[in-house]
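J.: My questions are about this predicted structure, shown below with the sequence.
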Amino acid sequence: MKIIIYGATEFGYLIANEFCQKYDVIVIDKETNKTDDFDKLDISFVNGSGIDVSVLKPLNIKNSDVFIACTQSDDTNIVACGIAKIFTHAKTVCLVSHQEYKKTFLALRDIEESSMASIDSMIWPKELLTKEIFRIITVAKALDVENFAQGKAKLLEYKLEQNSILVDKKIKECVFPTDTLVVGVTRNNELFIPYGETVLKEGDKAIFMGSSHSLDILAGKFFHQKNSSKSIIIIGGGDVGFMLARDLENLKYKVKIIEKNPKRCAFLAESLQNTLVINGDGTNPELLNNEDVSDVDVLVSVTNSDEKNLLCSLLAKQYNTKRVISRVINFLNIPLFERVGIDVAVSTKFAALHEIKNEFSEHNVDIIATVEQGQGEVLNIILPENFKTVKLMDLKMTPRAVIGIVNRNKKVIIPTGNTLIMAGDEIIVFTKNEDANKIKEFFKL
């Protein structure tokens, strides 16, 4: 597969780094925009502009499979995708930073004469990040939440605290609800696929898959689901803060937004129905204390500054806020946020990367979720017609992976060792990122 990335941005680097070992990657941008990090990758770098025909023609662009425009300019990205479509049948992916472009794209994408018709996929990372935070908030204490099979099954990730009854127990000794599987464990920032003999430790992040009902029971039994989040403080009233507050209002949550810009506060107060808008600085300890930050269920810091988000989050932890979620602009800072005790660190770039990975998927396999900053992948695979029926216990997958869900004739099955796996089944597989291609080959895709 041949991938062309227009934009030597931080996000362009993240994409190139993710795929350069698997595919032929070409990055286009001015030499002055290239950082030293790009020199460490096995890619081709072309000095120039992705909207310059004289630059594109020598690249034999017509043989490319995916064209991704991710410069700092939305207009440039849209134009670049249009030019790419003239020379190639490649799938075009356009990143935008403003909601207006996404709205226009959705309204015009089915009109062939529209300039948006040249764009196959438009990604607004802030929208994806908002959805991720919303999922995490609405499931008490979960670090990650993903829904599958039209909501009939899902994935939940939890951190095992000191007082958890699961600590120091073998997985096979834990009495989990029926239709629940432990598919992954992260320990010391390293993800691995566990066995029945695996002993769970304090600080582990355990990843569960199963039916939605069984995981609701799991959450209530082991992670206090009954104490669901109700009161929320959002620091930062930008696009993410606004959309998050609007969505939480619909669930009748008690929401406050702290925003420093008076004009933005006026917009928020006018646009939101039941959210208290406070004009102030979220890094001010006195303000946080006056707003009873110690009593809220979740504090979410989503400003455009890592420094501010980190400071706000640390102050909240000092006030013993039950749960703190923080946006991270520079994805390299995520380990730092987690190391100093922030409960959940989320990134627009990783949210967008997951969306883009689906653009690379084969016709009968999708990457429907990623976990632990891309260390783990959840694959949705349709078994081919020549697949021979076999019991799951006899399916010797190499490398190790877990089939967490079988979707057969619209019926969701959480498999056991005796479950038959057969042609036409839609299976959801959890595996490590580095092993995803081998799993696909195993199922003869």
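T.: On my side now, so go ahead. Numbering: from 1, shown residues only.

J.: For Thr303, see how far away the spatially most central residue of the chain is.
T.: Nearest to the geometric centre of the chain sits Ala351, at 3.7 Å (Cα atoms, centre = their mean). Using Cβ to Cβ, to the nearest Å, Ala351 is found at 17 Å from Thr303. Using the backbone N, CA and C atoms, a C-beta is placed for each residue, glycine as well.

J.: quick revisit: for the residue nearest to the centre of the chain, helix, strand, or coil?
T.: helix (DSSP: H, G, I helix; E, B strand; the rest coil).

J.: wait, it sits on Arg135?
T.: No: counting by Cβ atoms under 8 Å, Ala351 sits too far from Arg135 to count as a contact (11.1 Å).

J.: First-to-last residue distance for stretch 221-237?
T.: Stretch 221-237 has an end-to-end distance of 35 Å (Cα to Cα, to the nearest Å).

J.: can you give me the mean pLDDT across that stretch?
T.: Stretch 221-237 carries an average pLDDT of 78.

J.: Could you measure from the residue lying farthest from the centre of the chain over to Phe67?
T.: What lies farthest from the middle of the chain is Ser54; by Cα atoms, centre = their mean that is 36.5 Å. Between Ser54 and Phe67 the computed distance is 17 Å (Cβ to Cβ).

J.: cool, Ile403 as well?
T.: Ile403 is 34 Å from Phe67, by Cβ to Cβ.

J.: higher neighbour count, these two?
T.: The neighbour count for Ile403 versus Phe67, taken as other Cβ atoms under 10 Å, is higher for Phe67 (29 against 25).

J.: residues contacting that one?
T.: Neighbour list for Phe67: Ile3, Ile4, Tyr6, Ile61, Ala80, Cys81, Ala84, Thr88, Ala90, Lys91, Thr92, Val93 [criterion: Cβ atoms under 8 Å, 6 or more residues apart in numbering].

J.: got the domain boundaries for this protein?
T.: Annotated domains of the chain cover 2-123, 129-222, 231-351, 363-442 [automatic domain parsing].

J.: got the end-to-end distance for the third one?
T.: Using Cα to Cα, the end-to-end distance of domain 231-351 comes out at 25 Å.

J.: re the thing from before, need the contact list for the nearest residue to the residue nearest to the centre of the chain once chain neighbours are set aside.
T.: If the residues on either side of it in the chain are set aside, Ala351 comes closest to Leu128, at 3.8 Å by Cβ to Cβ, 6 or more residues apart in numbering. Leu128 is in contact with Thr348, Ala351, Ala352, His354, Glu355, counting by Cβ under 8 Å, 6+ apart.

J.: at 7 Å instead, please
T.: Contact partners of Leu128, counting by Cβ atoms under 7 Å, 6 or more residues apart in numbering, are Ala351, Ala352, Glu355.

J.: So what's the residue count around Met393?
T.: Neighbour count of Met393, defined by other Cβ under 10 Å: 11.

J.: My error: substitute Thr178 in the last question.
T.: Using other Cβ under 10 Å, Thr178 has 11 neighbouring residues.

J.: sorry, back to before: can I get the contacts of Phe67 in JSON lines including distance to Asn386 and neighbour count?
T.: JSON lines is the format used below for these (distance: Cβ to Cβ, whole Å; neighbours: other Cβ atoms under 10 Å):
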{"residue": "Ile3", "distance to Asn386": "30", "neighbour count": "26"}
{"residue": "Ile4", "distance to Asn386": "34", "neighbour count": "26"}
{"residue": "Tyr6", "distance to Asn386": "40", "neighbour count": "29"}
{"residue": "Ile61", "distance to Asn386": "36", "neighbour count": "22"}
{"residue": "Ala80", "distance to Asn386": "41", "neighbour count": "29"}
{"residue": "Cys81", "distance to Asn386": "38", "neighbour count": "27"}
{"residue": "Ala84", "distance to Asn386": "36", "neighbour count": "28"}
{"residue": "Thr88", "distance to Asn386": "33", "neighbour count": "21"}
{"residue": "Ala90", "distance to Asn386": "30", "neighbour count": "21"}
{"residue": "Lys91", "distance to Asn386": "28", "neighbour count": "19"}
{"residue": "Thr92", "distance to Asn386": "34", "neighbour count": "25"}
{"residue": "Val93", "distance to Asn386": "32", "neighbour count": "25"}
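
J.: Output these in TSV, with pLDDT appended to each entry.
T.: What follows is the contacts of Phe67, written out as TSV (pLDDT from 0 to 100):
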residue	pLDDT
Ile3	91
Ile4	93
Tyr6	96
Ile61	72
Ala80	93
Cys81	92
Ala84	89
Thr88	80
Ala90	83
Lys91	87
Thr92	91
Val93	92
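
J.: The residue lying closest to Thr186 once chain neighbours are set aside: neighbour count?
T.: Using Cβ to Cβ, 6+ apart and skipping residues adjacent in sequence, the residue nearest Thr186 is Lys205, 4.1 Å away. Other residues within reach of Lys205, judged by other Cβ under 10 Å, total 19.

J.: How about the contacts made by Lys205?
T.: Contact analysis of Lys205 by Cβ under 7 Å, 6+ apart lists Leu143, Glu157, Lys159, Thr186.
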